[in-house]
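A.B. asks: the following comprises the amino acid sequence and a computationally predicted model.
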Amino acid sequence: AQSVSQHNHHVILSEAASLELGCNYSYGGTVNLFWYVQYPGQHLQLLLKYFSGDPLVKGIKGFEAEFIKSKFSFNLRKPSVQWSDTAEYFCAVNRRSSASKIIFGSGTRLSIRP
Amino acid sequence: DTAVSQTPKYLVTQMGNDKSIKCEQNLGHDTMYWYKQDSKKFLKIMFSYNNKELIINETVPNRFSPKSPDKAHLNLHINSLELGDSAVYFCASSQKTGNTGELFFGEGSRLTVL
């Protein structure tokens, strides 16, 4: 069955530190990959997405993610975090052949110390 | 100009009661969803409708009954509420065509069952 794993449950960083959040999925077919962010008390919004082409994807607010097909990974990165990046981050995947079912990882809570 | 709107935002009720949550999207999307987010922030898909037709039903108890009167609306009715139903319920929509699968979320409806 299709699944998404986010290994870090809670990450605590100081401002200006670099960030990398891990995401691995288990599905051998062609997939679309997403990172969503949920700021405290708000709804989820799309941070970035990968469908095809350049495996290094740039999103909003300085975030980027790299799709490594051989590792079934789609890690999220940011070179220098800000206090306003404090949020819950969700990796998600769906099968290209079944666009309607998007599966989410369990989320990573990111706390930034000012 | 809210793209995906849900009502009510907060709902506090007693065990055994029946309640409904409504969702409307003005994005012209064909597909709508209900997701449940538990206290650990885990997001789980419950239902998906494409153009008023149920296409995903993820082993949700029969007490949960979605209804889609038209492709812009997807309501969720819950019978005989239980303590474990306490969660934030998110409505979302996506455009079926193009197979992108990107979701647009509502702000969530926080249900508390006492």
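C.D. replies: Received it, and whenever you're ready, just let me know what you need.
A.B. asks: C-alpha only now, for contacts and for neighbours.
C.D. replies: OK.
A.B. asks: surely A:Thr45 and B:Phe105 touch.
C.D. replies: Actually, residue A:45 is Gln rather than Thr. Yes. With contact defined as CA atoms under 8 Å, A:Gln45 reaches B:Phe105; the gap is 6.9 Å.
A.B. asks: who has more neighbours out of those two?
C.D. replies: Neighbours were counted for A:Gln45 and for B:Phe105 using other CA atoms under 10 Å in any protein chain shown; B:Phe105 has more, 24 against 19.
A.B. asks: so where's chain A uncertain?
C.D. replies: When residues are selected by pLDDT under 70, those of chain A lie in A:1, A:97-100.
A.B. asks: one more time with 90
C.D. replies: Residue ranges of chain A with pLDDT under 90: A:1-3, A:7-8, A:27-32, A:41-43, A:51-52, A:94-103, A:114.
A.B. asks: tell me the residues of it that contact chain B?
C.D. replies: For chain A, the contact set with chain B under CA under 8 Å from any CA of the partner chain comprises A:32, A:34, A:42-46, A:51, A:94, A:96-107.
A.B. asks: list only buried entries from those.
C.D. replies: Neighbour counting with 16 or more other CA atoms under 10 Å in any protein chain shown marks A:32, A:34, A:43-46, A:51, A:94, A:96, A:99-107 as buried within these.
A.B. asks: filter those residues down to just the ones in strands.
C.D. replies: Using DSSP state E, A:Asn32, A:Phe34, A:Leu44, A:Gln45, A:Leu46, A:Asn94, A:Ile103, A:Phe104 are the members of these that sit in strands.
A.B. asks: and the fifth one, bridged to which residues?
C.D. replies: A:Leu46 has these beta-bridge partners by DSSP bridges: A:Tyr36.
A.B. asks: right, and it touches A:Leu33 too?
C.D. replies: No. With contact defined as CA under 8 Å, A:Leu46 does not reach A:Leu33; the gap is 11.0 Å.
A.B. asks: how about the contacts made by B:Gly28?
C.D. replies: Neighbour list for B:Gly28: B:Ala72, B:Gln95 [criterion: CA atoms under 8 Å, 6 or more residues apart in numbering or on different chains].
A.B. asks: helix, strand or coil for A:Lys61?
C.D. replies: Counting by DSSP: H, G, I helix; E, B strand; the rest coil, the backbone at A:Lys61 sits in helix.
A.B. asks: in the sheet, who's paired with the closest residue to A:Ile102 other than its chain neighbours?
C.D. replies: Spatial nearest neighbour of A:Ile102, excluding adjacent residues (CA to CA, 6 or more residues apart in numbering or on different chains): A:Asn94 at 4.6 Å. Beta-bridge pairing for A:Asn94 (DSSP bridges): A:Asn32.
A.B. asks: most centrally placed residue in chain B?
C.D. replies: Nearest residue to the geometric centre of chain B (CA atoms, centre = their mean): B:Trp34, 2.9 Å.
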